[in-house]
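Chemist: pasting a predicted model and its sequence here:
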Amino acid sequence: MKFAKTIAFGISTACFALPLAAEPAAAWTAPQTVAGVASNACTGKPAKTIVKKYYRGPTMVPLRCGTNTWGYKHLVKRGRWSSNFGKKISQTVWSGTITVDEPGELTYERKFVGCPPRTLFKVVTNPGPYGRDHRIKPQGVVTAYKPSSLASSAC
């Protein structure tokens, strides 16, 4: 009988050990292989084609095929794209701090608040129409990157 109580107690406490701030299902994107996405995602498709969708609540931020200067093709050209990179974009859009660095741009930043504080990841987006083709609205992800970390010894 003592054994049964221990198991019941262990199971009930295990339920409380789950993280309270788990990433919502809407922000999670299925893992994809780099080769699978790179070879099929934008081959022969126009810039406005949506490759992936990232969410922040009800707001959808698309990653479009784009060109060599923005979007998916830009990330691939720079050697940044992978399934892990896509997950970092998803996490940053979902829970990052929103800043406006330039008018018409929203930057999502995942920050480390420790000492020294630093930015872990940035996603630059355009929530408005693409300048050359106003039918592409919102433009979505322009670029994403991990900023260089310049450690300060102020702490």
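Modeler: Yep, that arrived. Note that the coordinates shown come from a computational prediction; the quantities given were computed from them, not determined experimentally.
Chemist: which outside residues touch stretch 64-78?
Modeler: If you take C-beta atoms under 8 Å, 6 or more residues apart in numbering as the criterion, stretch 64-78 is touched by 38, 41-42, 45-52, 63, 81, 85, 126, 136, 139-144. C-betas here are computed from N, CA, C, even on glycine.
Chemist: which of the residues you listed are buried?
Modeler: Those of these that meet the buried threshold are 38, 41-42, 47-49, 51-52, 63, 81, 85, 126, 136, 139-144, by 16 or more other C-beta atoms under 10 Å.
Chemist: taking the contacts of stretch 64-78 one by one, which sit in strands?
Modeler: In this view, those that belong to strands under DSSP state E are Ile50, Val51, Lys52, Leu63, Asn126, Gly140, Val141, Val142, Thr143, Ala144.
Chemist: need those residues in TSV with distance to Val76 and pLDDT, can you?
Modeler: Shown next, in TSV, are the ones in strands among the contacts of stretch 64-78 (distance: C-beta to C-beta, whole Å; pLDDT from 0 to 100):
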residue	distance to Val76	pLDDT
Ile50	15	95
Val51	10	95
Lys52	13	96
Leu63	11	97
Asn126	19	94
Gly140	15	96
Val141	12	97
Val142	14	95
Thr143	12	96
Ala144	12	96
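Chemist: if I look at Ala47, how far off is Lys111?
Modeler: From Ala47 across to Lys111, the span is 31 Å (C-beta to C-beta, to the nearest Å).
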